[in-house]
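Enquirer: predicted model, plus sequence, below.
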Amino acid sequence: MLRTRLNDALKESMRAKDTRAVSTLRMVLAGLKDRDIAARTRGVTDGIDDGEVLSMLQTLIKQRNESATMYEQGGRPELAQQEREEIAVIERFLPKQLSEEEVVAAIAAIVAELGATSIKDMGKVMAELKTRHAGEMDFAKAGPLVKQRLSA
């Protein structure tokens, strides 16, 4: 479904002559095709699932944020702006991000459900968070919250 939305958005952007969106979506679709090809070695013949696509989109956003920061530090605000415009295009395909309170609540629910009691259970909790909330939260920020919860 997400793959279809990306292709449809590319066509719409081409009709609207939105060059930033066209180039960004082409880059996303090229990355998607690369991941599909890599997945064939694992026996996945019909392409990666939406969860992996969401993960890829989050990675692309993270890379662009890092690049924008580097460009700003290097005195290249026009390139930083370009990266931020690409982020805006990619974010259109991500589900609504959970607020910090919702992330804490999700962590608490999973910790209780799994019966996690110590830091040794962090891997299980993070894996369950990733399966249930792929694309909805930044796991780099969720990790310290899980660690704090389990060490309390």
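Expert: Cool, got the structure.
Enquirer: distance of the residue nearest the centre of the chain relative to residue 11?
Expert: Taking CA atoms, centre = their mean, the centroid of the chain lies closest to residue 58, which sits 1.9 Å from it. Taking CB to CB, to the nearest Å as the measure, residue 58 falls 24 Å from residue 11. Placement of C-beta: from N, CA and C, glycine included.
Enquirer: so where does the residue nearest to the centre of the chain fall, helix or strand?
Expert: Using DSSP states H and E, residue 58 falls within helix 50-73.
Enquirer: just checking, what packs against that helix?
Expert: Where contact means 3 or more CB pairs under 8 Å, 6 or more residues apart in numbering; DSSP states H and E, helix 50-73 is packed against helix 2-16, helix 19-39, helix 77-91.
Enquirer: okay if I get the ones you listed as JSON lines plus mean pLDDT, mean neighbour count and distance to residue 129?
Expert: As requested, those are exported to JSON lines (pLDDT from 0 to 100; neighbours: other CB atoms under 10 Å; distance: least, CB to CB, whole Å):
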{"stretch": "helix 2-16", "mean pLDDT": "94", "mean neighbour count": "14", "distance to residue 129": "20"}
{"stretch": "helix 19-39", "mean pLDDT": "94", "mean neighbour count": "16", "distance to residue 129": "22"}
{"stretch": "helix 77-91", "mean pLDDT": "95", "mean neighbour count": "16", "distance to residue 129": "20"}
